[in-house]
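>>> test case, fold it:
(one chain, ligands or ions: 1)
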Amino acid sequence: MYPVLKIMRMLNFLDTFSMGVTGGGVCDDHKKISPMDAFSLWHKDVPLKVVLFAWHLFWDRLPTKDNLLCLGVIDQASRLCVSGCGSLESSNHLFLHCNFFGSVWNFIHRWLGLSVAAPFQVSDHFNQFSCSGGTTKAHRSILQVIWFAVVCEIWKERNNSLFNVKECSVNQVVDKIKSLAFTWLKAKYISLPLNYHGWWFSSFTILGIG
Ligand SMILES: [Zn+2]
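You can find the predicted model right below:
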């Protein structure tokens, strides 16, 4: 068995175990999460640490402010989203529904020529987004890579705003997402490095699956 698969199996086992012991984690009364099996998240074009980050996101195990509040790490006064939108910071809010961070998806949809209404939960969004750009395996795979890049850059930007008091515009975050996805895919698509400019404007066409 590949080491990665071993890690995934171990994580699935540990989380199943912890859910059985604790009853499902902190503040379960307001959590309605559809956790995913680690195997269904594994993607060979995405770094393992990013897949593991997404796995924690799906299980609502990130140190978002709602979780920190439930654990007593922060107080009520610190519970709001770092963007200044005025809402409580939860995973679903931060990655999907925030006026600032959530709006990143609008730019991504425009870039890819997609029309997708955001569901309430992050895990549903992963499934929906993956299937929104075509029926082929190649389409689904590339959209998953882009999805991982989006949540990765949203989390980085959230932490930059929170800890470094350094803020980017939505356009700058979107550029970082395009750049990160490009970096992950260029090893697989050998013509991609020659079409850096095209990737910015018409990603599917450049990859030859448009
Ligand atoms: Zn917000």
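>>> all helices in the chain, in order from the N-terminus.
3-22, 38-41, 48-58, 65-70, 91-92, 104-112, 122-130, 137-159, 170-185, 196-201, 203-206 (DSSP state H).
>>> list the contacts of residue 76.
Residue 76 makes contact with residue 69 under the criterion C-beta atoms under 8 Å, 6 or more residues apart in numbering. In this view, the C-beta of every residue, glycine as well, is placed from N, C-alpha and C.
>>> for it, report the pLDDT, please.
Residue 76 is assigned 92 on the pLDDT scale.
>>> and the gap between it and the ion?
As judged by C-beta to the ion, to the nearest Å, residue 76 and the ion stand 17 Å apart.
>>> mean confidence for stretch 162-172?
Here the average pLDDT along stretch 162-172 is 87.
>>> which residues does that stretch contact?
82, 100, 103-104, 107, 157, 160-161, 176.
>>> ok, so of these, who is nearest the ion?
Lowest distance from the ion to the contacts of stretch 162-172 (C-beta to the ion) belongs to residue 100, with 5.8 Å.
>>> pLDDT wise, what is residue 94 at?
What the model reports as pLDDT for residue 94 is 97.
>>> if I pick the closest residue to it other than its chain neighbours, what's in contact with it?
Excluding the flanking residues, the one nearest residue 94 by C-beta to C-beta, 6 or more residues apart in numbering is residue 101, at 5.5 Å. Shown in contact with residue 101 (C-beta under 8 Å, 6+ apart): 81, 83, 94-95, 154, 157-158.
>>> widest-spaced pair of the contacts of stretch 162-172?
Across these, the longest distance by C-beta to C-beta is 19.4 Å; it joins 82 and 107.
>>> and those two? Which one has more around it.
Taking neighbours as other C-beta atoms under 10 Å, residue 82 and residue 107 compare with residue 82 leading, 21 against 17.
>>> so the more buried one touches residue 160, yeah?
No - the pair formed by residue 82 and residue 160 falls short of the contact definition of C-beta atoms under 8 Å, at 9.3 Å.
>>> now do the contacts for the residue nearest to the spatial centre of the chain.
Nearest to the geometric centre of the chain sits residue 151, at 2.6 Å (C-alpha atoms, centre = their mean). Applying C-beta under 8 Å, 6+ apart to residue 151 gives the contacts 53-54, 57, 95, 122.
>>> the chain against the ion: which residues are in contact?
81, 83, 85, 87, 98 (C-beta under 5 Å from the ion).
>>> flag the shaky bits of this protein, pLDDT-wise.
Residue ranges of the chain with pLDDT under 70: 1-39, 206-210.
>>> again, only using 80
Residues of the chain meeting the criterion pLDDT under 80: 1-41, 116, 133-135, 165-166, 187-198, 200-210.
>>> give me every residue that touches residue 140.
Residue 140 neighbours (C-beta under 8 Å, 6+ apart): 130-131, 133-134.
>>> that older thread, between the contacts of residue 151, which sits nearest residue 183?
residue 53 (16.2 Å).
>>> re earlier: state the pair within the residues of the chain next to the ion that is farthest apart.
Going by C-beta to C-beta, the pair spanning these furthest: 83 and 87, at 8.7 Å.
>>> in terms of neighbours, single out the busier of these two.
Using other C-beta under 10 Å, the more surrounded residue of residue 83 and residue 87 is residue 83, with 20 against 15.
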